[in-house]
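Student: Quick one: sequence and predicted model below, then my questions.
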Amino acid sequence: MRRPLACALLLLALTPAFAPAAQAACAVEDAGLEPAIADKKELQEAKNAQIVRDLRTLRDAAIVLDSYGFPKECKELIAILKELTAKPEATIKRSGDTDEEKAEEIQESREPKVGPKEPRPR
């Protein structure tokens, strides 16, 4: 008795009419970031590597927002990402900050900080 009920529920969940949340998900792949990077020679220059990392970080943030149930914010971030990749010259000019020390500080802040280990109870 449980098996047919479980199968019926599974089929309902997989039916598009009963899964509107899945259809409303943010389409991060539509941002076309990697093809844009490959197509724009400005973004392939070594001096603009930080900008490319920043763009990828924004894409990753959109994925995180979507996975936590913030599709509206994800879509807004994807729109910003598309705008930044559409005109790389303007993005490069806009970034203006090529301070390597600041980039290193940002990178260090991304590394998880681990406090002193507490002994495990036995």
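Tutor: Sure thing, it's come through. Residues are numbered from 1 along each chain as shown.
Student: neighbours around Arg56, how many?
Tutor: By the criterion of other Cβ atoms under 10 Å, Arg56 has 14 neighbours. C-beta here means a position set from N, CA and C on the backbone, and glycine is covered the same way.
Student: Wait, it touches Leu33, no?
Tutor: Yes: applying Cβ atoms under 8 Å as the test, Arg56 and Leu33 come out as touching, 6.8 Å apart.
Student: dump the residue contacts of Glu104.
Tutor: Listed by Cβ atoms under 8 Å, 6 or more residues apart in numbering, Glu104 has no contact partners.
Student: if I look at it, how far off is Glu111?
Tutor: Separation of Glu104 from Glu111 (Cβ to Cβ, to the nearest Å): 11 Å.
Student: Also Val64?
Tutor: Taking Cβ to Cβ, one finds Val64 at 18 Å from Glu111.
Student: Low-confidence regions, the chain specifically.
Tutor: Within the chain, the segments meeting pLDDT under 70 span 1-24, 96-100, 103, 115-122.
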